[in-house]
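Peer 1: Based on what follows, work out the 3D shape:
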Amino acid sequence: MERLPFGIDLNTIEILKLLSAANHSIGKLNGVTKLLPNPNVIFSLLRVTESKNSSAIENIITTYEDIFKELIIKQGSSKPSKEVVNYKLAIEFGFSQLQKEGFISTNSLIRIHEILEPTKGGIRRLPGTVIKNLNTGEIVHTPPQSENEIREMLGNLETYINGDNEFDPLINLALIHFQFESIHPFYDGNGRTGRILNILYLVLKKKIEYPVLFLSKYISDNKNEYYDLLKTCTKNIIEIHEFVKYILNGINETANQSIDLIMKIHDIISLTKLEMQKRLPSIYSEKIVNHLFSYLYTKNAFFKEQLDISRPTATKYLKLLESHGFIESERVGKEVIYKNIQLLNIFSNEKE
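Peer 2: Residues are numbered from 1 along each chain as shown. Alright, predicted model coming up:
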């Protein structure tokens, strides 16, 4: 298996055109995020979207409603929703570690994987792992089989990730993603770990400030092409040009989709603030609106804790918000939870 750098000229006219378009779209995305009055609300929602899309690539299928129920009530949810929530936690851990350390280490990737797969953590020690096209069952690549070789390859990858390289970081992102997937260091969860690495690398190289551009939906929508390219490039690394083009197209498409989704959420938050000020001026606060849009669901205890108010006050506020159509109650077991209808409508219109 080839080690980085691959020693291939990737500054071709076709790649540079795609690179220019991808950088332009990322620039627009950064501009949009800087205009947001409270970006963390929307970033939290985008992390949930990414968690769902990335897990779906590996046939971990759930709904937004189940995911948010798992986040809020933490009981009685499906196994897939728990795995998706673990993915969200792994993104947040990775971002936090990157902010503390200023680099991406093999140990951080191992820790991210342990959050994703609590019972399957650690580098592979036994042979037999292969990469399959989950749609067809075809073996597309046999990665390194010995733990020593895996660790050696990860060391080479770590050096490349944190070093100064000849290519634009968006080109390097494609190389790093390909290499991580080719190494396939874990028994399970490699794809999800690799997709988290993508976003952390963009933050590391200051292409984006926050984890806000995720490629999982693009990869899911173009899954067969993805596996075909992995197979082709692992057999002949000179074909890595095609994988780079695939990723650059994905960055461009995903950045524009992210802008559209962010603006939809931003617009409905702004409208909700205006309507709440008009209908419920006695209880209106930006803190309430931000809470309602940070989660698809809330409940009395969670609402009380987040807003630092008494339980009777929380009950009063939630009933008022429901009576004016901002939320809708639903009984789940012994608990009453409250759903943000407007937010649910935005997510329901996204491709499940």
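Peer 1: Quick one: low-confidence residue ranges for the stretch 201-350 of the chain.
Peer 2: 348-350 (pLDDT under 70).
Peer 1: Spatially central residue in the protein, please.
Peer 2: residue 50 (3.4 Å; Cα atoms, centre = their mean).
Peer 1: Make sure that residue is indeed in a strand.
Peer 2: No - according to DSSP: H, G, I helix; E, B strand; the rest coil, residue 50 belongs to no strand; its state is helix.
Peer 1: Name the SS class of the residue nearest to it when sequence neighbours are not counted, please.
Peer 2: Excluding the flanking residues, the one nearest residue 50 by Cβ to Cβ, 6 or more residues apart in numbering is residue 214, at 3.8 Å. For the C-beta atoms, the positions are set from N, CA and C on the backbone; glycine is no exception. With three-state DSSP as the basis, residue 214 sits in coil.
Peer 1: Roughly how far does residue 214 sit from residue 118?
Peer 2: Residue 214 is 22 Å from residue 118, where distance means Cβ to Cβ, to the nearest Å.
Peer 1: Pick out whichever of the two has more residues nearby.
Peer 2: Ranked by neighbour count (other Cβ atoms under 10 Å), residue 214 and residue 118 place residue 214 first, with 24 against 10.
Peer 1: got a list of what that one touches?
Peer 2: Contact analysis of residue 214 by Cβ atoms under 8 Å, 6 or more residues apart in numbering lists 46, 49, 50, 53, 54, 195, 198, 199, 254, 258.
Peer 1: just residue 136 next, same as before
Peer 2: 224, 227.
Peer 1: Start the count at 36 instead of 1 going forward.
Peer 2: Okay, using 36 as the starting number, the last item reads as residue 171.
Peer 1: On the three-state scheme, it is what?
Peer 2: With three-state DSSP as the basis, the three-state label of residue 171 is coil.
Peer 1: what's the pLDDT at it?
Peer 2: Here the pLDDT value assigned to residue 171 is 82.
Peer 1: Quickly note the distance from residue 267 to residue 157.
Peer 2: Between residue 267 and residue 157 the distance is 30 Å, computed by Cβ to Cβ.
Peer 1: Between those two, point out the one with more neighbours.
Peer 2: Shown here are residue 267 and residue 157; by other Cβ under 10 Å, residue 267 has more neighbours (16 against 13).
Peer 1: Now do the contacts for that one.
Peer 2: Counting by Cβ under 8 Å, 6+ apart, residue 267 touches 274, 277.
Peer 1: which stretch of helix or strand covers it?
Peer 2: Assigned by DSSP states H and E, residue 267 falls within helix 258-270.
Peer 1: Give me the next element, helix or strand, following that helix.
Peer 2: helix 275-314.
Peer 1: So for that next one, what gets flagged as buried?
Peer 2: Within helix 275-314, the residues scored as buried using 16 or more other Cβ atoms under 10 Å are 275-276, 278-290, 292-294, 296-297, 299-301, 303-304, 307-308, 310-311.
Peer 1: try stretch 229-248
Peer 2: By neighbour count on 16+ other Cβ under 10 Å, the buried set for stretch 229-248 is 229-240, 242-243, 245-248.
Peer 1: And the strands in the stretch 136-285 of the chain, which stretches?
Peer 2: With DSSP state E, counting those that start in this stretch applied, the stretch 136-285 of the chain shows strands at 166-167, 174-176, listed in chain order.
Peer 1: ok, and what's touching the shortest one?
Peer 2: Just to be clear, that refers to strand 166-167. Applying Cβ under 8 Å, 6+ apart, the external contacts of strand 166-167 come out as 173, 174, 175, 176, 177, 178, 216, 219, 265.
Peer 1: what lines up beside it in the sheet?
Peer 2: Sheet pairing of strand 166-167 (DSSP bridges) gives strand 174-176 (antiparallel).
Peer 1: Pull out the buried positions in the partner strand.
Peer 2: Within strand 174-176, the residues that count as buried by 16+ other Cβ under 10 Å are 175, 176.
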